[in-house]
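S.K.: turn this into a structure:
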Amino acid sequence: MSIKIALLLHDIRSTQNVGSIMRSADCFGVKHIYFSGYTPYPLINNDPRLPHIANKINSRIAKTALGAEASIPFSVYNNEIDAVSAANKAGFKQFICLEQDSKSIPINKYTLNNDILLAVGNEITGVSHWTLQNAHAILEITQFGKKESLNVSNATAIALYALTNMNI
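M.R.: Below is the predicted model of the structure:
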């Protein structure tokens, strides 16, 4: 049985980070991306954003996504609660997040046992308090250098690599 992975991108600020995450998601076979909060997202049917703004955002995402913005199914929600509920209904029963926290465990020590929704968060503040309280597990990438964190797109790519290799 192969475990499926979906992503929740909540309150990410940078279109470049979104595009890079989408490119990595395509590389690692992510099945769906859930956008929530103020995370920029590619064009959608009946886009509620002003056309010139939606097109500008889409163009910036596409610059780093290199086509992945068109290859991965995604949906957009105002808040993460609705996004997580939709992911759960779609079969992503294991809700985990990537964050440094007193309750986090190294990603390589985690056991996958169901299709997962992996939440990543804001470039400065990380995932929300709600996510920390409601995730089934908080995972972190073990680091050895002096810096305390990674860019969200780099961290997502590393996490996807680790999680997909648990499937092999």
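S.K.: for Tyr77, which residues are in contact?
M.R.: By CB atoms under 8 Å, 6 or more residues apart in numbering, the residues touching Tyr77 are Tyr34, Phe35, Ser36, Ala83, Ala86. C-beta coordinates here come from the backbone N, C-alpha and C atoms, glycine included.
S.K.: try 10 Å
M.R.: Residues in contact with Tyr77 (CB atoms under 10 Å, 6 or more residues apart in numbering) are Leu8, His10, Tyr34, Phe35, Ser36, Gly37, Thr39, Ala83, Val84, Ser85, Ala86, Ala87.
S.K.: now Ile61
M.R.: 14-23, 40-43, 68-69.
S.K.: pLDDT at Asn134, what is it?
M.R.: As summarised for this prediction, Asn134 has a pLDDT of 97.
S.K.: all strands of this structure, in order?
M.R.: Ranges of strands in the chain, per DSSP state E, are 5-10, 32-36, 74-77, 94-98, 105-106, 116-120, 137-140.
S.K.: give me the neighbour count for Phe74.
M.R.: 18 (other CB atoms under 10 Å).
S.K.: in this structure, which spans are helices?
M.R.: Along the chain, counting by DSSP state H, helices occupy 15-27, 51-65, 68-71, 80-89, 129-134, 152-166.
S.K.: Thr142: which of those is closest?
M.R.: helix 152-166 (10.1 Å; CB to CB).
S.K.: pretty sure Ala87 sits against Phe74.
M.R.: No: with contact defined as CB atoms under 10 Å, Ala87 does not count as touching Phe74 (11.5 Å).
S.K.: check contacts around Thr39.
M.R.: Neighbour list for Thr39: 8-15, 17-18, 21, 33, 76-77, 80, 83, 120-122 [criterion: CB under 10 Å, 6+ apart].
S.K.: tell me the confidence at it?
M.R.: pLDDT, read off for Thr39, is 98.
S.K.: now it: phi and psi?
M.R.: The phi and psi values for Thr39, taken as degrees, to the nearest 10, are phi -60, psi 130.
S.K.: contacting residues for Ala28?
M.R.: To be clear, residue 28 is Phe; Ala isn't right here. Ile5, Leu7, Thr156, Ala157, Ala159, Leu160, Tyr161, Ala162, Leu163, Thr164, Asn165, Asn167 are the contacts of Phe28 under CB under 10 Å, 6+ apart.
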